[in-house]
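# need a structure here:
(chains A and B)
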Amino acid sequence: MSTTRRTFLGLGATTAVAATLAACSSQQGGASSDSSGTITLWTHNGGNKEELAVVKNAVEAFNAANPDTPVEVKDFPQASYNDSIAAAAVAGDLPDILDLDGPIMPNWAYSGYLAPLQISSELEDSIIDSAKGYWNDTLYSVGPYDTSLCFLGRKSAFEAAGVPIPTIDKPWTKDEFDAALAKLAELPDYDYAIDFSVADSAEWWPYAYAPMLQSFGGDLIDRETFETAEGFLNGDAAVQWGEWFRSCFANGYASETPATDGQDFLQGKVPLYYAGGWKVLQSQETFGQDEVLILPPVDFGQGARVGGGSWQWGVSATSSNPTAANAFIEFLMQDEYLVEYSNAIGNFPSVASATPETEYYAEGGALEPVYEIGTKYALLRPATPGYKVISSIFDKAARDIVSGADVKSTLDQAVKDIDADITSNNGYQAN
Amino acid sequence: MSASRTTAPTRDVGARSSRSSAARKEARTAWLMSSPALLLLLLFLGIPIVLTFALSFTNARLISPNPPAFIGLNNFIRAFSSDPTFIRSLTNTAFFALVVVPCQSGLALALAILVNQKVRGVTAFRTMIFMPVVTSMVVVSILWSFFYEKDGLFNSILNTLTGGGWTAVAWLNNPGTAMPAIILLSIWQAVGLHMIIWLSGLQGIDPALYEAAALDGVNGWQRFRYVTWPGLHSTMVFILVTITIAALGLFVQVDVMTSGGPQDATSTLVYHAVRKGYREQDMGYGSAISLIFFIAVLVISLIQRRLTREDD
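Below you'll find the predicted structure:
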């Protein structure tokens, strides 16, 4: 009797352990393609109905045309997407096709997650630069769309304050911009002159404020060698940028604690708002299309700049059927789907021929200026595997500067941290 | 007679051996029963601790094609010699614990004594004080960051109280006020839990002692000093140790409200370890910071245990 009970308990414990181990390993091989020819696709837009619907439409059409290699979609929420990819890569479990945020692509290519893309050179040539991911002169990813940064202004406020409206061909200079901020700050109806969106976090900071730094003549890193930030992130131009940026808050032109998601602008508390093209439609709905000015970035001396690069598609290095995976990406990059993407989420298509078909970017469309700004002034974030570290360090340094830290020493420490990381990774040399 | 002589010892031996075999069996069952818990502890606590220890001497990356290499004490030297944010995180963590531990435990005790009174509606007060504890810290942090805004609740209250003479402060964006703001929120959130623990301690004290003290004609302070406080000794040890460990592990509030800023004023050891190890993918360095944190918590807990043991 006691023996049977012991055996039973032992069996129970063994089963529990086995179940745990099985649960840990059951992921293996589950996601990657099996012999049936199915190719798997992972996307970050689990929480984004409209965008996911576009992907699913394309998949359905592709599967109908290619019944031997059907695509299977798995969607993740954006917040946990990158972690899922990293975990899958460590476990040897990457899907065949995956999407990725532009600036992280070099990190994944360097780590061996991605295979070079093999799409027709015709398609490659037709895609705008900011939607193509090159690292080491190899194309690893292409994106169906991109967007742009811009300033959104209230026309009535500009008229009331007597501020001349800049055009895309003739953006504000630094002095003109400062003068505009000073005049707008005096308007009695508004709390501040501008919302710089400093309430936004993480990748927004380098995406939004590094272009200003670049316009001053600085940069995040030496773009020739990618070996040091010395002299770029802490040079005279960078220090000028830091001091100017700090002064916008110290002078009372902008709040250090604006409401999140542009609410200060939408509720009429500020007449000027630094944001992305994705905010334009909402603003036009609130104030009317004529009242919302879409303004280009400021030229601080070395030309106006905005950030470029959005979500893109790549093929994993472990894909068992890279031909089919590449074929799907080519399929998805047809004008038809680029137009669907644009209409669904308001970004502009990455292939010019699709633009006239879209709702917002066609001749006279509501978002036409965003396209012009994006294609004219976009500068990609530095294509180096170390970008994730640069992004985190720049985010911290810029925050410290906004809160009043000494600009030069803050940037010096940031450079020290970035260079230490590059050195400890042997310069991120490709293997 | 002779038969019983011969059988008795045999029976004794048999009983002893069956007793010890029963004990052995019991021990085996105990191990077996606890094995799932032990396995999980090993999997999610034991192995990570050993891994942290091993990784902290390497330059392991989260995502990298290069294998980790042994780099000796470099990570620790880097932390103490060329990472000002680390030093700042260390002092911030110590400061936070030094303020929170006495304030929170003292306040919790005072509240516990208050809500231990036998008056009408005391359960409602207990519930109100305990409510923040069951609310997620993330939710609390987001709410309080609205309160702390320049045109938030606190500034408008102060403005009303001073009749408009108050200059609004962006509490979380000012290096001088960010940490005190987080301390206030943290005490508010957790004080209810420790109040309940004190309360259970208070209610465990034998009422006969209070009756005896009343017969001796003690005043309120004497009653607290000579009856209540000695009766709370083991509760006090428990509360001190748990508050200290929780205070040293400060992370969520910082992550949600300030990202360690402004100017490192609220960066803590755990936050810095997460930022370096995970966001900047430097696992080796992150592990080194975690190891330093682990040792610090261990040492402080041991000192506390020594200082608060019963003198007998």
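# contacts and neighbour counts: CA atoms only from here.
Noted.
# gap between stretch B:30-45 and the chain center?
23 Å (C-alpha atoms, centre = their mean, to the nearest Å).
# is any residue of it near chain A?
Yes - Stretch B:30-45 comes into contact with chain A (C-alpha under 8 Å from any C-alpha of the partner chain), by way of B:32, B:35, B:36.
# give me the subset of those residues lying in strands.
With DSSP state E as the criterion, strands contain none of the residues of stretch B:30-45 next to chain A.
# out of these, flag the one nearest to residue A:61.
Minimum separation from residue A:61 among the residues of stretch B:30-45 next to chain A (C-alpha to C-alpha) is found for residue B:36, which lies at 48.9 Å.
# now the end-to-end length of stretch A:192-212.
Start and end residues of stretch A:192-212 are separated by 20 Å (C-alpha to C-alpha, to the nearest Å).
# redo the residues of stretch B:30-45 next to chain A as JSON lines? Include distance to residue B:209.
What follows is the residues of stretch B:30-45 next to chain A, written out as JSON lines (distance: C-alpha to C-alpha, whole Å):
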{"residue": "B:32", "distance to residue B:209": "44"}
{"residue": "B:35", "distance to residue B:209": "44"}
{"residue": "B:36", "distance to residue B:209": "44"}
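# in ChimeraX, select just the buried ones from these.
In ChimeraX, this line selects whichever of the residues of stretch B:30-45 next to chain A come out buried by 16 or more other C-alpha atoms under 10 Å in any protein chain shown:
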select /B:32,35
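# for the residues of stretch B:30-45 next to chain A, give me a markdown table that also has pLDDT.
Output for those, formatted as a markdown table (pLDDT from 0 to 100):
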| residue | pLDDT |
| --- | --- |
| B:32 | 94 |
| B:35 | 94 |
| B:36 | 94 |
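# narrow the residues of stretch B:30-45 next to chain A to those in helices?
Among the residues of stretch B:30-45 next to chain A, the members found in helices (DSSP state H) are B:32, B:35, B:36.
# nearest to residue A:266 among those?
Out of those, the member with the shortest distance to residue A:266 (by C-alpha to C-alpha) is residue B:36, at 55.0 Å.
# how many neighbours does residue B:206 have?
By other C-alpha atoms under 10 Å in any protein chain shown, 12 other residues sit near residue B:206.
# next, it: phi, psi?
In terms of degrees, to the nearest 10, the main-chain angles of residue B:206 are phi -60, psi 120.
# which pLDDT value goes with it?
In this model, residue B:206 is scored at 89, pLDDT.
# how near is it to chain A?
43 Å (C-alpha to the nearest C-alpha, to the nearest Å).
# by contact count, what packs against the helix or strand harbouring residue B:180?
Secondary structure assignment for residue B:180, by DSSP states H and E: helix B:178-203. Judged by 3 or more C-alpha pairs under 8 Å, 6 or more residues apart in numbering or on different chains; DSSP states H and E, helix B:178-203 is in contact with helix B:84-115, helix B:122-134, helix B:137-147, helix B:233-248, helix B:252-257.
# mean confidence for that helix?
Helix B:178-203 shows a mean pLDDT of 92.
# give me the neighbour count for residue 180.
Unless you meant another one, I'm taking chain A. Residue A:180 has 19 nearby residues by other C-alpha under 10 Å.
# hmm, I had chain B in mind actually
16.
# go on, the one 10 residues further on?
By the other C-alpha under 10 Å criterion, the neighbourhood of residue B:190 contains 22 residues.
# residue B:72 now?
12.
# that one touches residue B:58, doesn't it?
Yes - assessed by C-alpha atoms under 8 Å, residue B:72 is found in contact with residue B:58 at 6.9 Å.
# taking the centroid of the chain, which residue is nearest it?
I went with chain A, as the question did not name one. Most central in chain A under C-alpha atoms, centre = their mean is residue A:310, positioned 4.2 Å from the mean C-alpha point.
# chain B, not that one
Nearest to chain B centroid, counting by C-alpha atoms, centre = their mean: residue B:246, 2.2 Å.
# circling back: possible to save the helices and strands packed on helix B:178-203 as JSON lines with distance to residue A:257 and mean pLDDT?
Compiled in JSON lines, the helices and strands packed on helix B:178-203 are given as follows (distance: least, C-alpha to C-alpha, whole Å; pLDDT from 0 to 100):
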{"stretch": "helix B:84-115", "distance to residue A:257": "23", "mean pLDDT": "93"}
{"stretch": "helix B:122-134", "distance to residue A:257": "25", "mean pLDDT": "87"}
{"stretch": "helix B:137-147", "distance to residue A:257": "10", "mean pLDDT": "91"}
{"stretch": "helix B:233-248", "distance to residue A:257": "27", "mean pLDDT": "91"}
{"stretch": "helix B:252-257", "distance to residue A:257": "11", "mean pLDDT": "90"}
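# what residues does the stretch 301-431 of chain A put near chain B?
So the stretch 301-431 of chain A meets chain B at A:388, A:389, A:392, A:396, A:399, A:400, A:403, A:405, A:424 (C-alpha under 8 Å from any C-alpha).
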